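> Okay, here's the prediction I keep looking at, along with the sequence it came from:
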Amino acid sequence: MTDAPTPEPSGQHEDRAPSVPRTPRAEVRERLLAAGARVFAEQGVHEARLDEIAAAAGFSKGAVYSNFASKEDLVAQVMQRATNTVLHSLQELVRTDVTPDRIGDVVRAAFDRHDQAAQFALLSELRGYAMRHPEFLPEFVRQRRHLQDGVRDLVHTWFGAHPEVDPGMPLDVFAVLLIAANTGMVFDAPAVDGIHPGEAVAALVEAVVRPR
């Protein structure tokens, strides 16, 4: 006759530690991308180590390799995230129902959503990395063109909805000037006291948006 199984002591199940829920994959990627953006901006892409990025996100180095094919893949995805952040802010706020007298304030609000200095620090590091690593340059160019195309589409859409406004220049040129003004103002911010990049771009928009 086989022995009956020994019953577990009372309370044994209650003493077991509850299992820790697994962090959703989308959240892991987002935290790694955010940490990558901070570390790349502070240390530079070349100096940044994947274990530091993982630790800053609260994960092990293995989490990086589980979500990105390589360091170069992480760099590209960090840049894509930064580009999307800028475009999404503009797309949410610059709508066709925004009247000409309000468009300047809308542009200011879009720029106030994010730390321009931090974004420019990251962009500078990515631009330098692309210059030193020609294999990354096509990706850098692709994403900058994606930003330019997005801004150009917004400009064409808004002006198309407001035929009473005369931009005084080709809309494609105006879109390029908006990006150039923002980048230039953030670059020169330490030498230009008291002028916020978003304020400068908004002033440019207000100067161009005028009745026909």
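Great, that's in hand.
> Quick check: phi and psi on residue 210?
phi -140, psi 150 (degrees, to the nearest 10).
> Same question for residue 27.
Main-chain torsions, residue 27, degrees, to the nearest 10: phi -70, psi -40.
> so who does it touch?
By C-beta atoms under 8 Å, 6 or more residues apart in numbering, no residues touch residue 27. From N, CA and C alone the C-beta is placed, and that goes for glycine too.
> now residue 111
Applying C-beta under 8 Å, 6+ apart, the residues near residue 111 are 182, 196, 197, 198, 201, 202.
> So what's the gap between the helix or strand hosting residue 202 and the chain middle?
Here residue 202, judged by DSSP states H and E, is contained in helix 197-208. When C-alpha coordinates are averaged (C-alpha atoms, centre = their mean, to the nearest Å), helix 197-208 and its chain have centres 22 Å apart.
> just stretch 88-95 next, same as before
Centroid displacement of stretch 88-95 relative to its chain, using C-alpha atoms, centre = their mean, is 14 Å.
> Any chance you could list what contacts that stretch?
Defining contact as C-beta under 8 Å, 6+ apart, one finds that stretch 88-95 is touched by 103, 106, 107, 109, 110, 113, 114, 150, 151, 154, 158.
> any idea which element the last one lies in?
According to DSSP H and E, residue 158 maps onto helix 137-161.
> for the fourth one, same thing?
Per DSSP H and E: residue 109 is located in helix 103-112.
> Next, the angle helix 103-112 makes with the helix or strand just after that helix.
On the C-terminal side of helix 103-112, the closest following helix or strand by DSSP H and E is helix 116-132. Relative orientation of helix 116-132 versus helix 103-112 (axes from the mean of the first three to the mean of the last three C-alpha atoms, to 10 degrees): 70 degrees.
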